[in-house]
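Peer 1: Need the 3D shape of this:
(one chain, ligands or ions: 1)
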Amino acid sequence: MSTLKQLEEYARERYIPVMLDDTKELLFNTVKERQPESILEIGTAIGYSGIVMLTAAPESTLNTIEFSEKSVALARKNFAEFDLTDRVNIFVGDAREIVPLLTGKYDFIFLDGPKGQYKAFYPFLTDLLAVGGTLFSDNVLYKGLVENIPEDNRHKHITVARNMRSFLDILTADKRYETTLYRIGDGVTISRKISE
Ligand SMILES: C[S@@+](CC[C@H](N)C(=O)[O-])C[C@H]1O[C@@H](n2cnc3c(N)ncnc32)[C@H](O)[C@@H]1O
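Peer 2: Predicted coordinates:
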């Protein structure tokens, strides 16, 4: 039986991205406090964050999206090891195609998938989130570049940084949400949906 710490080490040794420690603490505490019934996650990787959330909210179910079949296989194994298989559904495929097709309402959405796509996902995720629910978005300061966009258009990360900046501007101006920005990890926002 693996522990969460072992999963994290496994991922880091193989350069599989999983959330940073302080982000994990914030995610765990937020889910524990809000006890959502239904969670949607974009970016399963090996299931680390999914296990964190399902441990924090023992009555929750998780729908999670991942396009790497190799990661999905590891996630399935890890969810099984933590005895969580019955509480998890993995959509295997490209979130850009899956997100617009989703229906129903979620109480908690963890956005941790393709960094250049947050803005494109945003209207769909807003529809999918119940009033009173929480959108938890990771990497919103994207390597520090979002608040310091490089002037050189050839910069490797400039498109993602611009897209993320635009997402952050839209999210923080949206009156349907109360959003708090946390300058931890790679930058996190926690947004409570207060109206349709
Ligand atoms: C930062 S990792 C997720 C880490 C995970 N949430 C955790 O903390 O344990 C981002 C994941 O999104 C997946 N991903 C990236 N683009 C995607 C896309 N367009 N559709 C589905 N999954 C995607 C990657 O394969 C990767 O596993």
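Peer 1: Look at residue 148 and say how many residues are nearby.
Peer 2: Using other C-beta atoms under 10 Å, residue 148 has 10 neighbouring residues. From N, CA and C alone the C-beta is placed, and that goes for glycine too.
Peer 1: in which helix or strand would I find residue 109?
Peer 2: strand 106-111 (DSSP states H and E).
Peer 1: same for the helix or strand just after that strand, what does it pack against?
Peer 2: Next helix or strand after strand 106-111 toward the C-terminus (DSSP H and E): helix 118-128. Helix 118-128 sits against strand 38-42, strand 106-111, strand 129-138, helix 158-173, with contacts defined as 3 or more C-beta pairs under 8 Å, 6 or more residues apart in numbering; DSSP states H and E.
Peer 1: go with 6 Å
Peer 2: In terms of contacts (3 or more C-beta pairs under 6 Å, 6 or more residues apart in numbering; DSSP states H and E), helix 118-128 is packed against helix 158-173.
Peer 1: what's the angle from the helix it packs on to helix 118-128?
Peer 2: Helix 158-173 runs at 30 degrees relative to helix 118-128, counting by axes from the mean of the first three to the mean of the last three C-alpha atoms, to 10 degrees.
Peer 1: what's the closest non-adjacent residue to the residue of the chain most remote from its centre?
Peer 2: No residue in the chain sits farther from the centre than residue 152, which is 29.1 Å out by C-alpha atoms, centre = their mean. In this structure, residue 152 finds its nearest non-sequential neighbour in residue 158, 7.4 Å apart by C-beta to C-beta, 6 or more residues apart in numbering.
Peer 1: quick one: the spatially closest residue to residue 137 that is not a sequence neighbour from residue 189, how far?
Peer 2: Excluding its sequence neighbours, the residue lying closest to residue 137 (C-beta to C-beta, 6+ apart) is residue 111, at 4.3 Å. Residue 111 is 9 Å from residue 189, where distance means C-beta to C-beta, to the nearest Å.
Peer 1: So for the two, which sits in the more crowded spot?
Peer 2: residue 111 (26 against 22).
Peer 1: Verify the stated contact: the more buried one with residue 42.
Peer 2: Yes. The criterion here is C-beta atoms under 6 Å, and residue 111 meets it with residue 42 at 5.3 Å.
Peer 1: close to the ligand, is the helix or strand bottoming out on mean pLDDT in the chain?
Peer 2: Ranked by mean pLDDT, DSSP states H and E, the weakest helix or strand in the chain is helix 4-13, scoring a mean of 92. No. For helix 4-13, no contact with the ligand is found by C-beta under 6 Å from any ligand atom; the gap never falls below 7.1 Å.
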